[in-house]
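Asker: Fold the following and give me the result.
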Amino acid sequence: MSDQAHLLKVIANARPDLQTDTEHVLHLPELCPMTHNPKPGSTLTLKYRAGANLLELFSLDAYIDAFVGHPVVRDMEFFVQTVAEDAANALGLEVTALAEVSYNRLRQGQRIVVVAPGK
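Answerer: Take a look at the predicted model:
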């Protein structure tokens, strides 16, 4: 669990009886003030099958913003693993995180997929 995990809030699912597959597509901000990475257009998608709760949108934005300049973003895989695990813990459900990341000064991008079990 990260220091930022307390920022993630959930809201009640109004219709938990209906199968609801949810995807949050987050446009990542510049997380590293030194390298200015990731580049604009990089995204992080969180996917889960909703149960009793849903991730609250505004808290999810605040949670991601809390990583700006944080040491965890020096390793994008660790960042995605951390977000997936924090979201899974908040929901108590399995969450898949898919990052599509482009970097400054590199001719490559990165696709990272992490599946975190719910607790």
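
Asker: pLDDT score for Val73?
Answerer: Looking at Val73, its pLDDT reads 73.

Asker: okay but it is in contact with Pro33, surely?
Answerer: No - if you go by C-beta atoms under 8 Å, Val73 and Pro33 don't touch, sitting 9.7 Å apart. In short, each C-beta sits where N, CA and C put it, glycine included.

Asker: more crowded one of these two?
Answerer: Neighbour count, other C-beta atoms under 10 Å: between Val73 and Pro33, Val73 has more, with 20 against 10.

Asker: give the contact list for the nearest residue to that one once chain neighbours are set aside.
Answerer: Spatial nearest neighbour of Val73, excluding adjacent residues (C-beta to C-beta, 6 or more residues apart in numbering): Leu31 at 4.1 Å. Applying C-beta atoms under 8 Å, 6 or more residues apart in numbering to Leu31 gives the contacts Asn37, Pro38, Phe67, Val68, Gly69, His70, Val73, Phe79.

Asker: Generate TSV for those, with distance to Thr20 as supplementary columns.
Answerer: Shown next, in TSV, are the contacts of Leu31 (distance: C-beta to C-beta, whole Å):
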residue	distance to Thr20
Asn37	34
Pro38	29
Phe67	27
Val68	31
Gly69	35
His70	31
Val73	31
Phe79	27
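
Asker: Among those, show me the least confident.
Answerer: Within these, pLDDT is lowest for Val73, at 73.

Asker: got a list of contacts for stretch 51-60?
Answerer: If you take C-beta under 8 Å, 6+ apart as the criterion, stretch 51-60 is touched by 7-13, 16, 22, 24, 26, 46, 48, 87, 90-93.

Asker: name the element the spatially most central residue of the chain belongs to?
Answerer: Centroid check for the chain by C-alpha atoms, centre = their mean gives Val83 as the closest residue, at 4.3 Å. Taking DSSP states H and E as the criterion, Val83 maps to helix 76-91.
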